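Engineer: model this:
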Amino acid sequence: MTVYLVGAGPGDPGLLTRRGAALLEVAEVVVYDRLAHPSLLDLAPSTAERINVGKAPGAVEMDQDGINAVLVDRGVAGKTVVRLKGGDPFVFGRGGEEAEALAAAGVAFEVVPGITSAIAAPAYAGIPVTHRGLSTHVTVVTGHEDPAKGTTDTDWAALARAGGTLVILMGAGHLADIAARLIDGGRPPETPVAAVRWGTLPEQRTIRATLATVADAGVRAPSAIVVGSVAALDLAWFEARPLFGRTVVITRAREQASALRARLELLGAEVVELPTIVLEPLDFALPKLGRYSWLVVTSANGVDALFDRGLAPAGLDARALADLKVAAIGPGTAAALERRGIRADLVPERFIAESLLDRFPGPETAGARVLLARAEQARDVLPDGLAELGYSVDVLPVYRTVRAVPAPDQLERVRAGRIDAITFTSSSTVTGFCDLVGPLPDPQPLVVSIGPITSTTARDRGIRVDVEADPHSVDGLVDALVGALPEAGGSADQK
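Structural biologist: Predicted coordinates:
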């Protein structure tokens, strides 16, 4: 039995340590704070018990004594418990109190440090907490002490005299008083101040002021507040990314969304996953491949379904395709084939069925056959066109798309128009989106389509398509989005 006090980092889930991720993957119980990114909970097994003990100003799910009791109870029961705490457990995270309670109860525990927001939030705002010629030391202090004490342990006058960089956590609610105390202690009123709210997350905003003006600057929790000469530095990188401050909706099936989401988040977007379809592999009998001259695959999903279920339970061996030529409808499909050890013989310049037909050679022998692996419901352009070329075509449905059930809060956000752009990667995502969401909000967000067939479906459903990917791929979609969506613009001071 072990309880792991794990630092979740400052907010960006990518800043979780490898040790923390490994422990979440085997956790039986996860006890988490409000500042731990929700996606981190997805690392835990679906069977793990998840207990929300988050605290926010004016709202407490569970007090500290209750949290300690939960940790001891689950630990004594022999569970593998991850206590997921924002930032670092031992930097104003009350991890020491939890460790004391576990030690007193004889429960084994381990501390897994996390990246503290005291360092990370300024770094994401382009503010080094130490800098040659400006600051040789940094002090981290809480701006919110235990109100039950009735006294303060923080000597603000001494901190004012100490100079260097001062980073204040949990101080937004007392900032006017703190600034006044620092000025009274000798810090000049013109001392630069930067308050980084929601540091490391797409919602990050940086307010810059001085000690004399920061009380009226609108600083709100949760913010890391930097006081000192370094706060005047603006080595912007995070907030300067092309999609920073923009919210983009992904309508792809969850199984496909990871690559697109990663690309968009790397460019600074906040991504709302609204999967409108779910992919379901079908049971099928793989025909004798020796009868065919060509195998045609129309999507990466088709590749995966074909290979994973083609000769269950072992799957399809690439060597079984040695005597066939293989055609892929686009680079994504071709890449999926390469991952399975197959290099496509034919990939059209435009990634649609019509373009594939334009390049498809005629049959070398009478009665040549083509095996077409595709979704259960799809356009008949390919089988009809191949038949006109003189081939006998066998259509093999290997997966189907069914309606998804998205999270209610995400659905409501889209309906309310609190988004900047929507991406569609197939006709089925358009159809599913329209059936789930209904009419788009007015004014309509930017709509980006992956290709002409998807665009036609969108227009048929009354959606204005603002830009179409060229090439018709995920990379092309992202490039089109970046080119069409104006940058959020303006300095964070004005936001």
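Engineer: Can you check the distance spanned by stretch 333-350, start to finish?
Structural biologist: Stretch 333-350 has an end-to-end distance of 13 Å (criterion: Cα to Cα, to the nearest Å).
Engineer: Mind listing what's buried along it?
Structural biologist: 333, 334, 336, 337, 340, 342, 344, 346, 347, 348, 350 (16 or more other Cβ atoms under 10 Å). For glycine as for every other residue, the C-beta is placed from the backbone atoms N, C-alpha and C.
Engineer: What residues does the fifth one make contact with?
Structural biologist: For residue 340, the contacting residues are 303, 307, 316, 318, by Cβ atoms under 8 Å, 6 or more residues apart in numbering.
Engineer: Most neighbours of all those residues, which one?
Structural biologist: Ranked by the number of neighbours (other Cβ atoms under 10 Å), the contacts of residue 340 place residue 303 first, at 26 neighbours.
Engineer: quick one: strands adjacent to the longest strand anywhere in the chain?
Structural biologist: As assigned by DSSP state E, the longest strand anywhere in the chain is strand 392-403. Looking at strand 392-403 with DSSP bridges, its partner strands are strand 277-281 (antiparallel), strand 369-375 (parallel).
Engineer: What is the distance between the longest one and the centre of its chain?
Structural biologist: Spelled out, that is strand 369-375. How far strand 369-375 lies from its chain's middle: 35 Å, per Cα atoms, centre = their mean, to the nearest Å.
Engineer: And for stretch 337-344?
Structural biologist: 28 Å.
Engineer: Then stretch 354-361?
Structural biologist: 37 Å.
Engineer: Can you tell me the SS state at residue 50?
Structural biologist: strand (DSSP: H, G, I helix; E, B strand; the rest coil).
Engineer: For it, which non-adjacent residue is closest in space?
Structural biologist: Nearest residue to residue 50 in three dimensions, chain neighbours excluded: residue 30, at 5.1 Å (Cβ to Cβ, 6 or more residues apart in numbering).
Engineer: Tell me both backbone torsions, phi and psi, for the one you found.
Structural biologist: Main-chain torsions, residue 30, degrees, to the nearest 10: phi -120, psi 120.
Engineer: measure it to residue 409 for me?
Structural biologist: 20 Å (Cβ to Cβ, to the nearest Å).
Engineer: out of the two, which sits in the more crowded spot?
Structural biologist: For residue 30 and residue 409, the more surrounded residue by other Cβ under 10 Å is residue 30, and the numbers stand at 24 against 8.
Engineer: Need the contact partners of stretch 440-453.
Structural biologist: Contacts for stretch 440-453 (Cβ under 8 Å, 6+ apart): 249, 351-353, 379, 414-417, 419-427, 455, 458, 463-469, 472-474, 476-477, 480-481, 484-485.
Engineer: ok, now with 6 Å
Structural biologist: 352, 417, 419-425, 427, 455, 458, 463-469, 472, 477, 480-481, 485 (Cβ atoms under 6 Å, 6 or more residues apart in numbering).
Engineer: what do you get for stretch 207-224?
Structural biologist: Against stretch 207-224 from outside (Cβ under 6 Å, 6+ apart): 117, 121, 169, 172, 175-176, 179, 182-183, 187, 189-191, 193-197, 199, 493.
Engineer: Counting neighbours, which bits of it end up buried?
Structural biologist: Quick answer for stretch 207-224 (16+ other Cβ under 10 Å): 207, 208, 209, 210, 211, 214, 215, 219, 221, 222, 223, 224.
Engineer: re earlier: using pLDDT, spot the least trustworthy of the contacts of residue 340.
Structural biologist: Lowest pLDDT within the contacts of residue 340 is found at residue 316 (77).
Engineer: you'd agree it is up against residue 309?
Structural biologist: No - Residue 316 is beyond contact range of residue 309, at 8.1 Å (criterion: Cβ atoms under 6 Å).
Engineer: still on that earlier bit, pull the most distant pair out of the buried residues of stretch 207-224.
Structural biologist: 210 and 222 (21.7 Å; Cβ to Cβ).
Engineer: Tabulate the buried residues of stretch 207-224 (JSON lines), appending pLDDT and distance to residue 50.
Structural biologist: Shown next, in JSON lines, are those (pLDDT from 0 to 100; distance: Cβ to Cβ, whole Å):
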{"residue": "207", "pLDDT": "97", "distance to residue 50": "34"}
{"residue": "208", "pLDDT": "97", "distance to residue 50": "38"}
{"residue": "209", "pLDDT": "97", "distance to residue 50": "39"}
{"residue": "210", "pLDDT": "98", "distance to residue 50": "43"}
{"residue": "211", "pLDDT": "98", "distance to residue 50": "42"}
{"residue": "214", "pLDDT": "97", "distance to residue 50": "38"}
{"residue": "215", "pLDDT": "96", "distance to residue 50": "39"}
{"residue": "219", "pLDDT": "96", "distance to residue 50": "32"}
{"residue": "221", "pLDDT": "92", "distance to residue 50": "24"}
{"residue": "222", "pLDDT": "91", "distance to residue 50": "22"}
{"residue": "223", "pLDDT": "96", "distance to residue 50": "27"}
{"residue": "224", "pLDDT": "97", "distance to residue 50": "27"}
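Engineer: pLDDT score assigned to residue 90?
Structural biologist: For residue 90, pLDDT reads 96.
Engineer: Look at it and say how many residues are nearby.
Structural biologist: Number of residues near residue 90 (other Cβ under 10 Å) recorded here: 17.
Engineer: Find the nearest non-adjacent residue to it, please.
Structural biologist: Counting by Cβ to Cβ, 6+ apart, the residue nearest residue 90 is residue 96, at 6.1 Å.
Engineer: which parts of the helix or strand containing that neighbour are buried?
Structural biologist: Element membership of residue 96 [criterion: DSSP states H and E] is helix 95-104. Buried positions in helix 95-104, judged by neighbour count with 16+ other Cβ under 10 Å: 95, 98, 99, 101, 102.
Engineer: The second one and residue 61: what is the separation?
Structural biologist: So that's residue 98. Per Cβ to Cβ, residue 98 is found 15 Å from residue 61.
Engineer: for the first one, same thing?
Structural biologist: Remark: distance between residue 95 and residue 61 (Cβ to Cβ) = 18 Å.
Engineer: can you pull out the strands in the stretch 251-400 of the chain?
Structural biologist: 270-273, 277-281, 294-297, 325-328, 369-375, 392-403 (DSSP state E, counting those that start in this stretch).
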